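Chemist: Fold the stuff below for me.
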Amino acid sequence: MRTRRLLLTLAMVLALALPASAHFQLIYTPESALEKGEELTLKLVFTHPFEAGHTMDMAGVEEFYMVNKGKKTDLKNDLKPLIWSSLSNSGSGYEAKVMLRGMGDFIFGLVPAPYFEESEGAWMQQCTKVMVNVAGLPTGWDEPIGLPVEIVPLDKPYGLWTGNLFRGVVMADDKPVPFAEVEVEFLNHRPDMAKNRFAPEAEVEAPQDCFITQTIKADANGTFAYAIPRAGWWGFAALGVKTREYRGAELGVDAVIWVQARDM
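Modeler: Residues are numbered from 1 along each chain as shown. Sure, this is the predicted structure:
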């Protein structure tokens, strides 16, 4: 019991010493609302978006696909490895080039291989999605796409003005997750698509660590809301929506969605 208390105290001290930024699986493309179909470049990176902090090596990909008008297209074989540079290090990720044909919502879903976080002694897996719309025709943005856990939006994630309320429902196995904890971060350093790195200049400076990763709670129906204060890309990560044992340790499965807001 004494050893356990010592380990818990040490973990708390280390947590206080670390920056407040959080892990976010990123599926990035510059624009989410397009006038016409085109070849889309997507960057898959596991990082700390607000501070362009430590980029983790992605351990692999279990699933990567696109859903358009109910049709699911497997994109896993389209992935190519890349090295992404943050302000402090470089980590391995992936890139995909996908041709968007026709109109409507093109919804990308990712199930990465679990990642072992040594500081926590646990595995994490962030099931992530992002949407790109072509020509303004909505075709399924508010429907689940079959991820093990996911955030189903209640507002178009590609049609947000700065200041709009973004709402979502945290789901696991097609059921809402009551009182889920949701972390929110702004993509604060513009990604350089050609050089596979974050821009060194931050768009904003946080006045205190609690503003780097904001934490909100879903209600009893698994629904959360957040008023977006700035144009750009915002990540929402519902933590530990499902848990299970994996390779002798706990695996927490998170649900992540990225949305883009624009100034009016």
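Chemist: isn't there a strand covering residue 77?
Modeler: No: under DSSP: H, G, I helix; E, B strand; the rest coil, residue 77 sits outside any strand and is assigned helix.
Chemist: That one and residue 112, how far apart?
Modeler: Separation of residue 77 from residue 112 (Cβ to Cβ, to the nearest Å): 16 Å. C-beta here means a position set from N, CA and C on the backbone, and glycine is covered the same way.
Chemist: neighbour count winner among these two?
Modeler: Between residue 77 and residue 112, counted using other Cβ atoms under 10 Å, the more crowded position is residue 112 (22 against 7).
Chemist: beta partners for the more buried one?
Modeler: Beta-bridge partners for residue 112, by DSSP bridges, are residue 61.
Chemist: Could you pull out the helices in the stretch 1-150 of the chain for me?
Modeler: Shown for the stretch 1-150 of the chain, the helices assigned by DSSP state H, counting those that start in this stretch span residues 2-17.
Chemist: OK, contacts around residue 229?
Modeler: 162, 163 (Cβ atoms under 8 Å, 6 or more residues apart in numbering).
Chemist: Name the helix or strand for it, please.
Modeler: Using DSSP states H and E, residue 229 sits in no helix or strand.
Chemist: just for the chain, where's the confidence low?
Modeler: Across the chain, the ranges flagged by pLDDT under 70 are 1-21.
Chemist: run the last query once more with 90
Modeler: Under the criterion pLDDT under 90, the flagged ranges of the chain are 1-22, 119-120.
Chemist: From residue 32, how far off is residue 101?
Modeler: 17 Å.
Chemist: Mind checking which of those two has more residues around it?
Modeler: The neighbour count for residue 101 versus residue 32, taken as other Cβ under 10 Å, is higher for residue 32 (21 against 10).
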